[in-house]
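Chemist: The amino acid sequence is not available; the structure is as follows:
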């Protein structure tokens, strides 16, 4: 059997093992189904939502769930709550994915360089990490948002930039243990440059914990964006974002609690779903845990 055939067989074996372990994690499978439903609602929002989320009907404000034509009722402007929740899933999921993409990419690159080179490079990166960790996360984000102004774009890049230290520390720890292995030493002995060693030999071996952390980081980003929306520093009304919807509904909590209950329930479900998926990925991708579950 050639080396290529052996590699293909090894990948197939790992894929089968991953699928078997993941399938045995019932909460993980449930999480995948729930995430798929939210993603489907976000992608096909114009088809799923019965109304335009911005259309107001002042003659039918604060209608209860089950009202004619409004499954979840209407808000204080007569807008259909279900339609706003469906369109809000687009914004919340987009923010979560973009924030984690920015944070994981930045943190992975800095952690990779820090762990590989060590010395003053490592000291500089770790001091930056400590500076970011020394500030309360939400206060730092609010300060930056107050400076640049609230918008979807600002929410995404600000949350992404302030979230990278976690990934940098995780990758650095993995690189420190990998750079002294025979694989890296052999690559260095054959004349491979630092960039080739880092990105071809080291990076693929540190991606597993990064993927798991990124999956668990999406719900954190969604919660942070919802908190900013609630405080008025995130996505601004009338854009249907779940945190902003809760903020709009807080003044009508006694008159129409559905304005808070339904967007809060959506935040709860999507965060719980991603946590289930993250736990299942961690179990399936960690060889030690997967052997215990097998």
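Modeler: Great, that's in hand. Since this is a predicted model, take the numbers as computed values, not measurements.

Chemist: contacting residues around residue 201?
Modeler: Listed by CB atoms under 8 Å, 6 or more residues apart in numbering, the contact set of residue 201 reads 183, 184, 187, 192. The C-beta positions use only the backbone N, C-alpha and C, and glycine is treated the same way.

Chemist: Count the residues that sit near the first one.
Modeler: By the other CB atoms under 10 Å criterion, the neighbourhood of residue 183 contains 13 residues.

Chemist: Pop out the phi and psi values for residue 70.
Modeler: Main-chain dihedrals, residue 70, degrees, to the nearest 10: phi -140, psi 100.

Chemist: So what sits opposite it in the bridge?
Modeler: residue 67 (DSSP bridges).

Chemist: could I get the contacts of residue 201 as CSV with secondary structure, pLDDT and distance to residue 234?
Modeler: Compiled in CSV, these are given as follows (DSSP: H, G, I helix; E, B strand; the rest coil; pLDDT from 0 to 100; distance: CB to CB, whole Å):
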residue, secondary structure, pLDDT, distance to residue 234
183, helix, 77, 45
184, helix, 78, 43
187, helix, 76, 45
192, coil, 78, 45
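
Chemist: out of those residues, who's nearest residue 119?
Modeler: Of all the contacts of residue 201, the one with the least separation from residue 119 (CB to CB) is residue 184, at 17.0 Å.

Chemist: Let me know the distance separating that closest one from residue 115.
Modeler: Computed as CB to CB, to the nearest Å, the residue 184 to residue 115 distance reads 11 Å.

Chemist: Could you check which of the two is surrounded by more residues?
Modeler: Taking neighbours as other CB under 10 Å, residue 184 and residue 115 compare with residue 115 leading, 25 against 19.

Chemist: Need the three-state assignment for the residue lying closest to residue 69 once chain neighbours are set aside.
Modeler: Computed as CB to CB, 6 or more residues apart in numbering, the closest residue to residue 69 that is not its neighbour in sequence is residue 50, at 7.5 Å. Assigned by DSSP: H, G, I helix; E, B strand; the rest coil, the conformation of residue 50 is coil.

Chemist: how close does residue 67 get to residue 258?
Modeler: 11 Å.

Chemist: Which residues are in contact with each of these two?
Modeler: residue 73.

Chemist: These two - which one has more neighbours?
Modeler: Neighbours per residue, other CB under 10 Å: of residue 67 and residue 258, the larger number sits with residue 258, 21 against 14.

Chemist: Pull the contacting residues for the more buried one.
Modeler: When contacts are counted by CB under 8 Å, 6+ apart, residue 258 touches 64, 65, 72, 73, 81, 249.

Chemist: And residue 94, how far from residue 225?
Modeler: Distance of residue 94 to residue 225, computed by CB to CB: 10 Å.

Chemist: the more surrounded of those two?
Modeler: Using other CB under 10 Å as the criterion, residue 94 and residue 225 rank with residue 225 on top: 30 against 14.

Chemist: if you look at the contacts of residue 258, which of them are in helices?
Modeler: By the criterion of DSSP state H, membership of those in helices covers 81, 249.

Chemist: Mind checking which of the contacts of residue 258 are buried?
Modeler: Applying 16 or more other CB atoms under 10 Å to the contacts of residue 258, the neighbour count classes 72, 73, 81, 249 as buried.

Chemist: so residue 92 makes contact with residue 239?
Modeler: No - between residue 92 and residue 239 there is no contact under CB atoms under 8 Å: 11.1 Å.

Chemist: And the helices in the stretch 51-200 of the chain?
Modeler: In the stretch 51-200 of the chain, the helices defined using DSSP state H, counting those that start in this stretch lie at 81-117, 119-134, 137-148, 152-162, 164-178, 182-189, 194-196.

Chemist: Need the winner for burial among those helices.
Modeler: Comparing the helices of the stretch 51-200 of the chain by mean neighbour count (mean count of other CB atoms under 10 Å), helix 81-117 ranks first with a mean of 22.

Chemist: helices or strands next to that helix in the packing?
Modeler: On a contact count with 3 or more CB pairs under 8 Å, 6 or more residues apart in numbering; DSSP states H and E, helix 81-117 meets helix 26-43, helix 45-48, helix 119-134, helix 152-162, helix 164-178, helix 207-231, helix 242-249, helix 258-285.

Chemist: Can you say which of the ones you listed is nearest to residue 60?
Modeler: Checked against CB to CB, the stretch from the helices and strands packed on helix 81-117 lying closest is helix 258-285, at 13.8 Å.
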